[in-house]
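Asker: coords please:
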Amino acid sequence: MGLFTPVAIKLGSQPWMPKLLPQITWTDTRLQRLTRGRLSILDLAGLPNLMLTVPGRRSGVSRSTPLLCVPWQGGWLVAGSHFGGPKAPAWTLNLRATETAHLSYRGRDHTCTWRELTGDEKAKAWAHMVTVWPNYDKYVAWTDRVIPVFLLSPSQ
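Answerer: The predicted structure follows:
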């Protein structure tokens, strides 16, 4: 937890945050490019994060998205929460359309397999995720959709 983590959690709990997500993602992507992946908005907030890159499901063009992540069982948990917005984020649809993903975590690149968690496994992972980002529980209350949770595991 960093110095600015409580501020980030407070901001992330605001119901107007989904409207700002495109601007936040754009800014974070530019910041990571400028610093060659060494710094992100989530780093400034003291939160674990990764840059997920998957091909677009229709275009095939690689798309990179900065995401809050939670280390788990040698991999990373990511949630398609979209700050509790009504639509699933595009990266979830693109991830589901491919077998492997590429990510950068703490300056290291990884090729990963992924799987979507369900049932008791998802509930256990979710309980761990809210210890890092308590707002996930708020996002469930703000949306009618099921928020997917994915486990990204480094390929051997």
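
Asker: neighbouring contacts of the host helix or strand of residue 52?
Answerer: Assigned by DSSP states H and E, residue 52 belongs to strand 49-55. Under the criterion Cβ atoms under 8 Å, 6 or more residues apart in numbering, residues 32, 37, 40, 42-43, 61-69, 76, 78, 91, 94-95, 97-98, 101-105, 152 lie in contact with strand 49-55. From N, CA and C alone the C-beta is placed, and that goes for glycine too.

Asker: and it, C-alpha only, in CSV?
Answerer: Output of strand 49-55 as CSV, limited to C-alpha atoms (Å, rounded to 0.1, in the frame of the first residue of the first chain):
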residue,chain,number,x,y,z
ASN,A,49,-1.0,-3.4,-12.0
LEU,A,50,-0.1,-4.8,-15.3
MET,A,51,-0.4,-3.9,-19.0
LEU,A,52,-2.5,-6.5,-20.8
THR,A,53,-2.1,-6.9,-24.5
VAL,A,54,-4.4,-9.1,-26.6
PRO,A,55,-5.5,-9.0,-30.2
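
Asker: give the pairing partners of it; include direction for each.
Answerer: strand 62-68 (antiparallel), strand 100-105 (antiparallel) (DSSP bridges).
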